[in-house]
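Peer 1: structure for this input, please:
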Amino acid sequence: MKKILIAYASTTGNTELMAQSIKKGVEEAGNQADLVNLSENTPSIEGYDVIALGSPAMGCEVLEESYMEPFFSSIEGSISGKNIALFGSYDWGEGEWLTSWEDRVKAGGANLVADSLKINLTPDAAGEGECAEFGKKISA
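Peer 2: Numbers count the residues shown, from 1 in each chain. Okay, the predicted model is just below:
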């Protein structure tokens, strides 16, 4: 059984819905998922097989600035060799914040274990299904 950390920041609840559906997929695949809202707790990234990070796009296509950006900046120097997956929601643009984030993960020496998942606004039933499949994929 793999141990997966799903740490996220959510401002409107969209990324939180994604995280909950990803957790469901991880658990359906028979793995353990620890779900952490960064506004409530700051987790350690040690001891996890995969670290899934979720953030909405903010402002000019940047990470959520109150919780995710500080958290990611704090772990960025220690992600080399870690298995990471990224996800999040956006409202405008094409999701450039996720591409920039992927570049930072790669520059830190981490392995992206799946194509990043982005959903426009609130995930509908199909979007929640995509999130559950993403959870299965990252925990395979």
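
Peer 1: could you look up the SS state of Glu130?
Peer 2: Under the three-state scheme (DSSP: H, G, I helix; E, B strand; the rest coil), the conformation of Glu130 reads as helix.

Peer 1: packing partners of the strand or helix carrying Pro70?
Peer 2: For Pro70, the element it lies in under DSSP states H and E is helix 68-75. With contacts taken as 3 or more C-beta pairs under 8 Å, 6 or more residues apart in numbering; DSSP states H and E, helix 68-75 sits against strand 50-54. Every C-beta, even on glycine, is put in place using the N, C-alpha and C of the backbone.

Peer 1: hey, what's the angle from the strand it packs on to helix 68-75? Just curious.
Peer 2: Orientation check (axes from the mean of the first three to the mean of the last three C-alpha atoms, to 10 degrees): strand 50-54 against helix 68-75 gives 150 degrees.

Peer 1: partner strands of strand 50-54 and their direction?
Peer 2: If you go by DSSP bridges, strand 50-54 pairs up with strand 3-8 (parallel), strand 83-90 (parallel).

Peer 1: list the buried residues for stretch 36-54?
Peer 2: Buried positions in stretch 36-54, judged by neighbour count with 16 or more other C-beta atoms under 10 Å: Asn37, Leu38, Pro43, Ile45, Tyr48, Asp49, Val50, Ile51, Ala52, Leu53, Gly54.

Peer 1: let me see the ranges of the helices in the protein.
Peer 2: Assigned by DSSP state H, the helices in the chain fall at 14-28, 68-75, 96-107, 125-138.

Peer 1: same list, these, but as a markdown table with mean neighbour count and distance to Ala114 please.
Peer 2: Formatted as a markdown table, the helices of the chain follow (neighbours: other C-beta atoms under 10 Å; distance: least, C-beta to C-beta, whole Å):
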| stretch | mean neighbour count | distance to Ala114 |
| --- | --- | --- |
| helix 14-28 | 22 | 11 |
| helix 68-75 | 18 | 18 |
| helix 96-107 | 16 | 11 |
| helix 125-138 | 19 | 5 |
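
Peer 1: surely Tyr67 and Leu38 touch.
Peer 2: Yes - contact criterion C-beta atoms under 8 Å: Tyr67 and Leu38 qualify, at 3.8 Å.
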